[in-house]
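[1] Just a sequence and a predicted model for now, questions to come.
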Amino acid sequence: MAGAEVMADIEVHTAYGWKPLGDLIQATIKCDKCGETVPADGDGFVKCDPPENIIYFCRECRKSHG
């Protein structure tokens, strides 16, 4: 399509300047044990057998799992 405009990413002005909106919205993930959807964090991923499978435990389930 010649001359079509490309829609840009939405940016939000923050104290640190203009940031893409996607960088500011926190991702969520579903716990594989209790099924609750929680904010994603770097912890909670556990390898299992077979090793290519990875499961996720929320913080509450991590307390009782480990």
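    Nice, thanks for sending it over.

[2] Can you show me the helices along the chain?
    21-24, 59-65 (DSSP state H).

[3] winner for burial among these?
    Across the helices of the chain, averaging neighbours per residue (mean count of other CB atoms under 10 Å) puts helix 59-65 on top, at a mean of 13. Glycine gets a C-beta too; all of them are placed from N, C-alpha and C.

[4] Show the pLDDT at the residue positioned nearest the centre of the chain.
    Residue closest to the mean C-alpha point of the chain, counted by CA atoms, centre = their mean, is A27 at 3.1 Å. pLDDT recorded at A27 is 83.

[5] worst average pLDDT in the helices of the chain?
    helix 21-24 (a mean of 78).

[6] what helices or strands is that one leaning on?
    strand 11-14 (3 or more CB pairs under 8 Å, 6 or more residues apart in numbering; DSSP states H and E).

[7] next one: the least confident helix or strand in the chain by mean pLDDT to chain centre, how far?
    One helix or strand of the chain scores below all others by mean pLDDT, DSSP states H and E: helix 21-24, with a mean of 78. Here the centre of helix 21-24 is set off from its chain's centre by 11 Å, with CA atoms, centre = their mean, to the nearest Å.

[8] Renumber starting at 12 from here on
    That works, and once the first residue is 12, the last one we named lands at helix 32-35.

[9] Restrict that helix to CA atoms and write it as CSV.
    Only the C-alpha atoms of helix 32-35 are listed here, as CSV (Å, rounded to 0.1, in the frame of the first residue of the first chain):
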residue,chain,number,x,y,z
LEU,A,32,3.8,1.9,27.0
GLY,A,33,4.6,-1.9,26.7
ASP,A,34,7.7,-1.3,28.9
LEU,A,35,5.6,0.1,31.7
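
[10] Contacts for that helix, please.
    20-23, 25 (CB atoms under 8 Å, 6 or more residues apart in numbering).
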